[in-house]
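**Student:** Sharing a model prediction with you, sequence too.
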Amino acid sequence: MDLLFIIDPVASLKAAKDSTVTMMRAARARGHAVWACEQGALEWRDGSVACVATPLEVTGDDKGWFRARGEARRAL
């Protein structure tokens, strides 16, 4: 399952303190794909909701806890 987290800028999250990072790690451990976007990336157009989101590779390292893998427009 693909999970989208609507969050503050991903680089501003502190892995050691932020529960969002914990939820992302738990999702990945269960085999889910993790995507992230900011609230401003959400859009309603022609009756459909979409966003520009970034797929994240989430690691166990608290300093380098994620790697962004590009961006994609996603229908929600």
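**Tutor:** Received the coordinates, thanks.
**Student:** from here on, contacts and neighbour counts on C-alpha atoms
**Tutor:** Will do.
**Student:** so what's the most centrally placed residue in the chain up against?
**Tutor:** With distances taken as CA atoms, centre = their mean, the residue of the chain nearest its centroid is Ala36 (2.1 Å). By CA atoms under 8 Å, 6 or more residues apart in numbering, the contact set of Ala36 is Leu4, Phe5, Ile6, Ile7, Val10, Ala53, Thr54, Pro55, Leu56.
**Student:** That one bridge partners, please.
**Tutor:** Judged by DSSP bridges, the bridge partners of Ala36 are Phe5, Thr54.
**Student:** just to revisit the earlier point, in PyMOL, how would I select the buried members of the contacts of Ala36?
**Tutor:** Buried residues within the contacts of Ala36, by 16 or more other CA atoms under 10 Å, are selected in PyMOL with:
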select buried, resi 4+5+6+10+53+54+55+56
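**Student:** With respect to Ala72, which of the contacts of Ala36 is nearest?
**Tutor:** Ala53 (5.5 Å; CA to CA).
**Student:** Looks like Trp44 contacts Ala50 (just checking).
**Tutor:** Yes: taking CA atoms under 8 Å as the definition, Trp44 is a contact partner of Ala50 at 6.6 Å.
**Student:** And the helix or strand encompassing Met23, what's buried?
**Tutor:** Assigned by DSSP states H and E, Met23 belongs to helix 19-29. Within helix 19-29, the residues scored as buried using 16+ other CA under 10 Å are Thr20, Val21, Met24, Arg25, Ala27, Arg28.
**Student:** contacts for it?
**Tutor:** Counting by CA under 8 Å, 6+ apart, residues outside helix 19-29 touching it are Leu3, Leu13, Lys14, Ala15, Ala33, Val34, Val58, Thr59, Gly60.
**Student:** Including distance to Arg74, could these go into CSV?
**Tutor:** Putting the contacts of helix 19-29 into CSV (distance: CA to CA, whole Å) gives the following:
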residue, distance to Arg74
Leu3, 12
Leu13, 23
Lys14, 26
Ala15, 26
Ala33, 13
Val34, 13
Val58, 20
Thr59, 23
Gly60, 27
